[in-house]
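Engineer: Provided below are the primary sequence and the corresponding predicted coordinates.
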Amino acid sequence: MAVMIRNDVFSCFVFYGVLLVIKMYIIAIITGQVRLRKKAFTNPEDALRHGGLQYYREDPDVERCRRAHLNDMENILPFLFLGAIYSMTGPSLAVARLHFLVFFVGRVLHSIAYLFALRAPTRSLAYTIAQIPCISMALQILMAVAAYA
Amino acid sequence: MAVMIRNDVFSCFVFYGVLLVIKMYIIAIITGQVRLRKKAFTNPEDALRHGGLQYYREDPDVERCRRAHLNDMENILPFLFLGAIYSMTGPSLAVARLHFLVFFVGRVLHSIAYLFALRAPTRSLAYTIAQIPCISMALQILMAVAAYA
Amino acid sequence: MAVMIRNDVFSCFVFYGVLLVIKMYIIAIITGQVRLRKKAFTNPEDALRHGGLQYYREDPDVERCRRAHLNDMENILPFLFLGAIYSMTGPSLAVARLHFLVFFVGRVLHSIAYLFALRAPTRSLAYTIAQIPCISMALQILMAVAAYA
């Protein structure tokens, strides 16, 4: 094993980071299943394979899955960067794990709130909670490297 | 050169990762070319520059390029994370290269199938093949760091 | 602090990378503010909370913010990968900082040009300028690791 993987904070970050990547993959699978169930395909060639061009159409449930996925990309992908760098700034394991865990729980709740269309502002609240550790990590990183601008 | 770049597995990952980033850039360039050829612009200011507001419109060929690009982001960007971490878990070069190569070939085929609207399920098959090394890497990483959750 | 953070080039990259992540977060916040001001929500549950289902609708200003955000993801996220790897290939600090700074300024100008709908080709020019250091880094990385393909 390489040096970095033996770093406790980095390993903790990797654990939650990979779980969130898997969570994104699951949303992609759900999107595909909803497309098949609602017979709503975004490409004519897919519609042709599944019954005809009339199924080359949009569907609100499919679009909801798409938006949940896009929002994940907007937030989880930057986290994969921030978390990795933050792990290298030497935080205590307890504080770092709290950052990762809050983000992880916030994003899982966000996905649930999105896919099940839970009453507003449940989804926005989950989004905001998940952003707090990201802002915290971003500021701590900036303070650690500001001298190198 | 830094330590990590001297790691064979990591260097192999970087090689395919950078090629895939360039592949994504090429799709962006193709999108721009299709916009100019079909005269279909997503911003009024672009349409005005290229003949008038009537060209501020959607076009199915442009939208196809956009979907290919978005699907790349959904899959290639997480690969850039998974591949980097996986390289640090100490896999053999032969096994690791197989993971990276299968993903690379799968994603190149996916782009070709998307842009040329190849008959279904060519594109979905390429997507699925490319996901296999990603799932494999994700699980191997989780096993390596599970103790740090 | 870990080894990598003591690397000058990497720290310089991290500084601009984190600023660009914050820039993306700001676009997300602006999008939310425009949604509230124009009363245009992408989810029925959000519209219901803010006055009724008639506000479950698209708005050109909101869509403009969305496109700016998506374009950021297409370009800033790959930069976060390229810049980190490039930092490990041992470039001089002056040359590396120039790469990061050109990308940073290009992307900030791109966001301004997008959100204020500046006359074409301002936005495309900013995009192109920002791509130059990315292509440069990609090629330099490929040359550094080509032996490991």
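Structural biologist: Now that the structure is in, tell me what you want to look at. Numbering: from 1, shown residues only, chains lettered A, B, ... in the order given.
Engineer: residue A:59: what's it in contact with?
Structural biologist: Residues counted as contacts of residue A:59 (CB atoms under 8 Å, 6 or more residues apart in numbering or on different chains) are A:34-35, A:38, A:40. The C-beta positions use only the backbone N, C-alpha and C, and glycine is treated the same way.
Engineer: Throw these into a markdown table and include pLDDT and neighbour count, thanks.
Structural biologist: Listed next are the contacts of residue A:59 as a markdown table, based on pLDDT from 0 to 100; neighbours: other CB atoms under 10 Å in any protein chain shown:
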| residue | pLDDT | neighbour count |
| --- | --- | --- |
| A:34 | 98 | 18 |
| A:35 | 98 | 20 |
| A:38 | 98 | 15 |
| A:40 | 98 | 20 |
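Engineer: within reach of chain C, which of these are there?
Structural biologist: Among the contacts of residue A:59, no residue lies close to chain C (CB under 8 Å from any CB of the partner chain).
Engineer: in helices only, show me these.
Structural biologist: Within the contacts of residue A:59, residues falling in helices by DSSP state H are A:34-35, A:38.
Engineer: so where is chain A shaky, pLDDT-wise?
Structural biologist: Applying pLDDT under 70 to chain A flags residues A:1-6.
Engineer: contact partners for residue A:134?
Structural biologist: A:75, A:78-79, A:82, A:103, C:25.
Engineer: among those, which are in helices?
Structural biologist: Per DSSP H, the subset of the contacts of residue A:134 in helices is A:75, A:78-79, A:82, A:103, C:25.
Engineer: adding neighbour count and distance to chain B, write the contacts of residue A:134 out as CSV.
Structural biologist: Shown next, in CSV, are the contacts of residue A:134 (neighbours: other CB atoms under 10 Å in any protein chain shown; distance: CB to the nearest CB, whole Å):
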residue, neighbour count, distance to chain B
A:75, 21, 13
A:78, 24, 10
A:79, 26, 10
A:82, 27, 12
A:103, 27, 14
C:25, 18, 17
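Engineer: could you find which two of the residues you listed are furthest from each other?
Structural biologist: A:103 and C:25 (13.4 Å; CB to CB).
Engineer: residue contacts, the nearest residue in space to residue A:78 that is not next to it in sequence?
Structural biologist: Spatial nearest neighbour of residue A:78, chain neighbours left out: residue C:21 (4.8 Å); criterion: CB to CB, 6 or more residues apart in numbering or on different chains. With contacts defined as CB under 8 Å, 6+ apart, residue C:21 is in contact with A:78, A:81-82, A:138, C:76, C:80.
Engineer: please, which helix or strand holds residue C:21?
Structural biologist: Take DSSP states H and E as the rule and residue C:21 turns out to sit in helix C:8-38.
Engineer: contacting residues around the helix or strand following that helix?
Structural biologist: Per DSSP H and E, helix C:8-38 leads on to helix C:44-49 as the next helix or strand towards the C-terminus. Contacting residues not belonging to helix C:44-49 are listed as A:117-121, A:123-124, C:35, C:41, C:53-57 [CB under 8 Å, 6+ apart].
Engineer: got it, and stretch A:86-105?
Structural biologist: The set of residues external to stretch A:86-105 that reach it, using CB under 8 Å, 6+ apart, is A:7-10, A:12-13, A:15-17, A:19-20, A:79, A:83, A:129-130, A:132-134, A:136-137, A:140-141, A:144, C:1-2, C:4-5.
Engineer: buried subset of those as a ChimeraX selection?
Structural biologist: Of these, the buried ones go into a single ChimeraX selection, burial set by 16 or more other CB atoms under 10 Å in any protein chain shown:
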select /A:7,9,10,12,13,15,16,17,19,20,79,83,129,130,133,134,136,137,140,141,144 /C:2,4,5
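Engineer: report back the residue of chain A that's furthest from centre.
Structural biologist: In chain A, residue A:52 marks the outermost C-alpha relative to the chain mean, sitting 33.8 Å out by CA atoms, centre = their mean.
Engineer: spell out which parts of chain A neighbour chain B.
Structural biologist: Neighbours of chain B within chain A, by CB under 8 Å from any CB: A:1-5, A:8, A:11-12, A:14-19, A:21-22, A:24-25, A:28, A:42-46, A:48-50, A:69, A:73, A:77, A:80.
Engineer: among the contacts of helix C:44-49, which ones are in helices?
Structural biologist: Reading helices off the contacts of helix C:44-49 with DSSP H, I get A:123-124, C:35.
Engineer: isn't residue A:73 right up against residue B:71?
Structural biologist: No. Assessed by CB atoms under 8 Å, residue A:73 is found out of contact with residue B:71, at 11.2 Å.
Engineer: now do the shared contacts for the two.
Structural biologist: Applying CB under 8 Å, 6+ apart, one finds that no residue jointly contacts residue A:73 and residue B:71.
Engineer: related to what we said a few turns ago, and which of the contacts of residue A:59 is nearest chain C?
Structural biologist: Using CB to the nearest CB, residue A:34 comes nearest to chain C of these, at 15.8 Å.
Engineer: measure the closest one to residue A:47 for me?
Structural biologist: 15 Å (CB to CB, to the nearest Å).
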